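*Asks:* give me a model of this one.
(one chain, ligands or ions: 2)
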Amino acid sequence: MSLLQRLFGQGRDAPRDEQEAQSEATQLKDATARTRKSFFGQITALFGASQITDDLWDDLEALLVQADVGVETSLYLVNRVKDRVRRNNVKEPAEVRDMLRAEMVRVLTEQQILVNTQSKPHVVLVVGVNGAGKTTLIAKLAHRYHTRGQKVLLAAGDTFRAAATEQLETWASRVGVRVISRGQGADPGAVVYDAVEQATTEECDVLIVDTAGRLHAKINLMQELTKLRNIIRRKIPDAPHEVILVIDATTGQNGVLQAKAFAAAADVTAVAITKMDGTAKGGIAFAIAQDIQRPVRYVGTGEKMTDLAMFDATTFVDSLFAREA
Ligand SMILES: Nc1nc2c(ncn2[C@@H]2O[C@H](COP(=O)(O)OP(=O)(O)O)[C@@H](O)[C@H]2O)c(=O)[nH]1
Ligand SMILES: [Mg+2]
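*Replies:* Residues are numbered from 1 along each chain as shown. Ligands and ions are numbered 1, 2, ... in the order given. Purely as a prediction, here's the structure:
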């Protein structure tokens, strides 16, 4: 297995070649620029000290919390590193920084990504609150699969909001894929039923389903997601193969709360963190991985259909600590 395959897996959404993997790493680095320059820049500066003091631990914890790593996860990380420092009698702050990096990678990689890439169609359900970036992510995923030679079908399951269907249709025509829709006010179950039928008879490789995103506090959203899932399963018993929860990185700890609610109710398999380019608090990735025990799979790095990077823990952590801007 090549290094690339080990880093990114062999899924049908894996980078096509070395060049694409490289460009995704660059995208991830650009998208984390704000986070790197603010909180993680200060963390890097902490390790420029000559000694390891109690203040260093306190400052580290405070900066992690400010970067949206979350109170519990920050404390967990600091305690893990502290233990290792004591056990190994480490004296050099620079060595502590390397231990912190290793622990951060571990938090992100503990969650296994299990994606069934064999089934046809491979059904992906995309969930999350309004404005999180679901429809945009779907366009990005459609583009990704489409450029890999996969036959893609989209389902306009957000029939609740005005213009939601049109938005997906506009994206679909830009990407060059088909979309099944019934317009605003239609029963999402009927849209999804049609889409599953079509995807099966047309032998599509991937079916991606958009959903409405009313707030997680409303129980009926979760009921609706369960209903959609059951409709899909009637035709394809092991589907949906992925349930991707979309979280807007700029919503901070509120986003983590949303993630918890969805993960509990919607059988989420992985998370996409969008708008990483718009926040200095990219530490949210750690809070999500640790708090909801799901892998981060994608990072949104802008508004265009090419602005998507597959999440790689080592590349991400490296980007936070990188020296150059
Ligand atoms: N900067 C930036 N904007 C994004 C990203 N993903 C989505 N957006 C924007 O967020 C807004 C809401 O996205 P949309 O896909 O409609 O959210 P939905 O309501 O969950 O379907 C739109 O203006 C998108 O262009 C991203 O990764 N970066
Ligand atoms: Mg939408």
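
*Asks:* what segments of this protein are strands?
*Replies:* Counting by DSSP state E, the chain has strands at residues 122-127, 152-157, 178-180, 206-211, 242-248, 270-274, 296-300, 308-310.

*Asks:* figure out which of those is closest to ligand 2.
*Replies:* For these, the distance to ligand 2 is smallest for strand 206-211, at 6.0 Å, taking Cβ to the ion. The C-beta positions use only the backbone N, C-alpha and C, and glycine is treated the same way.

*Asks:* for this structure, give the residue positioned nearest to ligand 2.
*Replies:* Among the residues of the chain, T135 lies closest to ligand 2, at 3.3 Å counting by Cβ to the ion.

*Asks:* what about that residue, distance to A272?
*Replies:* Note on T135: its distance to A272, by Cβ to Cβ, to the nearest Å, is 12 Å.

*Asks:* can you check G131 too?
*Replies:* With Cβ to Cβ as the criterion, G131 and A272 are 14 Å apart.

*Asks:* those two - which one has more neighbours?
*Replies:* Counted by other Cβ atoms under 10 Å, G131 and A272 do not tie: A272 has more neighbours, with 24 against 13.

*Asks:* please name the nearest non-neighbouring residue to that one.
*Replies:* Leaving out its chain neighbours, the residue that sits closest to A272 by Cβ to Cβ, 6 or more residues apart in numbering is Y298, at 4.0 Å.

*Asks:* what's the answer for R36, then?
*Replies:* Leaving aside its sequence neighbours, R36 sits nearest to L320 (Cβ to Cβ, 6+ apart; 5.4 Å).

*Asks:* tally of neighbours for the one you found?
*Replies:* Using other Cβ under 10 Å, L320 has 22 other residues around it.

*Asks:* again, but for S23
*Replies:* Residues lying near S23 (other Cβ under 10 Å) number 13.

*Asks:* contact partners for it?
*Replies:* S23 makes no contacts at all, as judged by Cβ atoms under 8 Å, 6 or more residues apart in numbering.

*Asks:* please report how far it lies from T306.
*Replies:* When Cβ to Cβ is applied, the distance between S23 and T306 equals 9 Å.

*Asks:* same question, S181
*Replies:* S181 sits at a distance of 24 Å from T306 (criterion: Cβ to Cβ).

*Asks:* with neighbour numbers in mind, choose between those two.
*Replies:* Neighbour comparison, S181 and T306: the larger count goes to S181, with 22 against 12 (by other Cβ under 10 Å).

*Asks:* does that one really touch T170, like I thought?
*Replies:* No. No contact is recorded between S181 and T170 when judged using Cβ atoms under 8 Å, the distance being 11.5 Å.

*Asks:* then stretch 238-253 to PDB, C-alphas only?
*Replies:* Included here for stretch 238-253 are C-alpha records, laid out as PDB according to Å, rounded to 0.1, in the frame of the first residue of the first chain:
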ATOM      1  CA  ASP A 238     -27.800  -1.900   4.000                       C
ATOM      2  CA  ALA A 239     -28.200   1.800   3.100                       C
ATOM      3  CA  PRO A 240     -27.600   4.600   3.800                       C
ATOM      4  CA  HIS A 241     -23.900   3.700   3.700                       C
ATOM      5  CA  GLU A 242     -22.900   7.000   5.000                       C
ATOM      6  CA  VAL A 243     -24.700   9.600   7.100                       C
ATOM      7  CA  ILE A 244     -22.600  12.800   7.000                       C
ATOM      8  CA  LEU A 245     -23.300  15.400   9.600                       C
ATOM      9  CA  VAL A 246     -22.400  18.900   8.400                       C
ATOM     10  CA  ILE A 247     -21.100  21.300  11.100                       C
ATOM     11  CA  ASP A 248     -20.300  25.000  10.500                       C
ATOM     12  CA  ALA A 249     -16.900  25.600  12.100                       C
ATOM     13  CA  THR A 250     -17.800  29.200  12.800                       C
ATOM     14  CA  THR A 251     -20.700  28.200  15.200                       C
ATOM     15  CA  GLY A 252     -18.200  27.100  17.800                       C
ATOM     16  CA  GLN A 253     -19.300  25.200  20.900                       C
END
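
*Asks:* check whether that stretch contacts ligand 2.
*Replies:* No. Using Cβ under 5 Å from the ion, stretch 238-253 stays clear of ligand 2, with a minimum separation of 9.3 Å.
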